[in-house]
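S.K.: Need the 3D shape of this:
(one chain, ligands or ions: 2)
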Amino acid sequence: MPSGTNKRATGGCEACNEPLLAARGVTRSYRVGGQPLSVLKGVDLELYPHEIVAIVGASGVGKSTLLHILGLLDRPTSGEVRVRGMDAAAMPEHQRSALRNRMIGFVFQFYHLLPDLDAVENVMLPLMVRHGYLGWRHRRGAVRERARELLSLVGLSRREGHRPGQLSGGERQRVAIARALVGDPAVVLCDEPTGNLDTGTKEEIHVLIRDLKERLGQSYVIATHDPHLTTLADRVESMTDGVLAPRPGPVGAER
Ligand SMILES: Nc1ncnc2c1ncn2[C@@H]1O[C@H](COP(=O)(O)OP(=O)(O)OP(=O)(O)O)[C@@H](O)[C@H]1O
Ligand SMILES: [Mg+2]
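M.R.: Residues are numbered from 1 along each chain as shown. Ligands and ions are numbered 1, 2, ... in the order given. As a prediction, this is how the structure comes out:
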């Protein structure tokens, strides 16, 4: 990985004991065909600066549901989500969106890149949203430079002009990781970031996340079925029957 940016993250809060992100008693229920479906049944989780927490659990147990709630993309049925101590549930939607844009980056299993934009433009998107139309016109050059810097950090300098359809799966995920990091969020939420990749590429993404965390200093929550990826984590939380519990045994034991 090229040298460059060092620990830019706005992880902040090192000076206080407040978690960056906290879920307290979070529940999430749906109604399907008139029947209630209770997915999360009282999740507690705290994420501190420079921490990686892995969430494991069987398919359908609620890992993505929880990440959406932690990322302020969804609201809990009950319980609290606090971002740097602020109660996100109590905020109006525009304030939640602004907080999400500043504080949280997302990496999804299927990349979620825009097919008509090239790699640099995809990476620029969170900052386009942040600055709005007027602010954007003045900052466009700087944002493009920052996006190119991030693409270089993820090893994709030579693919800047490629659209997602002209990239491999591993390269798409690198673009998605650069996009997640471009706004210097404090927290990166990854939903099965290696779930769609072959073994060799999984390993590359694994090493990349580890190096980026060291270099930039973000905290990560990673939902995964990939036992190797859990070896990155400072803590592994296991989700069973709608609640989280620390997984017993040393981290990395399954390697
Ligand atoms: N919008 C929705 N309406 C109704 N049920 C939903 C909705 N979203 C998710 N669910 C249900 O919630 C449960 C948890 O889904 P979720 O996607 O969080 O699981 P997961 O642990 O991420 O699974 P996987 O490991 O397969 O990704 C599933 O049973 C799913 O069918
Ligand atoms: Mg999922």
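
S.K.: so who does the nearest residue to residue 42 once chain neighbours are set aside touch?
M.R.: Take residue 42 and drop its neighbours on the chain: the residue closest to it by CB to CB, 6 or more residues apart in numbering is residue 25, 5.2 Å away. For every residue, glycine as well, the C-beta is placed using N, CA and C. Applying CB atoms under 8 Å, 6 or more residues apart in numbering, we find residue 25 in contact with 42, 43, 44, 78, 79, 80.

S.K.: Tell me which two in those are the farthest apart.
M.R.: Spatial extent of the contacts of residue 25 (CB to CB) is set by the pair 44 and 78 at 12.9 Å.

S.K.: Next, show the common contact partners of the two.
M.R.: Common neighbours of residue 44 and residue 78 (CB under 8 Å, 6+ apart) are 25, 26.

S.K.: Sketch out the helices for the stretch 151-255 of the chain, chain order is fine.
M.R.: For the stretch 151-255 of the chain, the helices defined by DSSP state H, counting those that start in this stretch cover 169-181, 199-216.

S.K.: tell me, what residue is most central in this structure?
M.R.: Centroid-nearest residue in the chain, with CA atoms, centre = their mean: residue 189, separated by 2.0 Å.

S.K.: The closest residue to residue 237 other than its chain neighbours: how many residues sit nearby?
M.R.: Leaving out its chain neighbours, the residue that sits closest to residue 237 by CB to CB, 6+ apart is residue 244, at 4.4 Å. Residue 244: 23 surrounding residues under other CB atoms under 10 Å.

S.K.: Of all residues in the stretch 1-150 of the chain, which one is closest to ligand 2?
M.R.: Across the stretch 1-150 of the chain, no residue is closer to ligand 2 than residue 64, which sits at 3.2 Å (CB to the ion).

S.K.: where's the residue nearest to that residue when sequence neighbours are not counted relative to residue 145, distance?
M.R.: Of all residues beyond its chain neighbours, the one nearest residue 64 is residue 191 (5.4 Å), with distances taken as CB to CB, 6+ apart. Distance from residue 191 to residue 145, counting by CB to CB, to the nearest Å: 29 Å.

S.K.: With neighbour numbers in mind, choose between those two.
M.R.: Shown here are residue 191 and residue 145; by other CB under 10 Å, residue 191 has more neighbours (22 against 11).

S.K.: Can you tell me who the more buried one pairs with across the strands?
M.R.: Residue 191 has these beta-bridge partners by DSSP bridges: residue 108, residue 223.

S.K.: where does it sit relative to residue 140, distance-wise?
M.R.: Residue 191 is 30 Å from residue 140, by CB to CB.

S.K.: ranking the contacts of residue 25 by neighbours, who comes first?
M.R.: residue 43 (26 neighbours).

S.K.: Would you confirm that it contacts residue 241?
M.R.: No. Using CB atoms under 8 Å as the test, residue 43 is too far from residue 241 to be in contact (11.1 Å).

S.K.: where do the strands sit along the protein?
M.R.: For the chain, the strands defined by DSSP state E occupy 21-32, 35-47, 52-56, 78-83, 86-87, 104-108, 187-191, 219-223, 235-240, 243-246.

S.K.: Can you lay out those strands as a markdown table showing distance to ligand 2?
M.R.: Shown next, in a markdown table, are the strands of the chain (distance: least, CB to the ion, whole Å):
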| stretch | distance to ligand 2 |
| --- | --- |
| strand 21-32 | 13 |
| strand 35-47 | 11 |
| strand 52-56 | 10 |
| strand 78-83 | 18 |
| strand 86-87 | 26 |
| strand 104-108 | 9 |
| strand 187-191 | 6 |
| strand 219-223 | 6 |
| strand 235-240 | 10 |
| strand 243-246 | 15 |
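
S.K.: who wins for proximity to residue 210 among those strands?
M.R.: Closest among the strands of the chain, once you apply CB to CB, is strand 52-56, at 8.5 Å.

S.K.: helices or strands up against that closest one?
M.R.: Applying 3 or more CB pairs under 8 Å, 6 or more residues apart in numbering; DSSP states H and E, one finds that strand 52-56 contacts helix 63-70, strand 219-223, strand 235-240.
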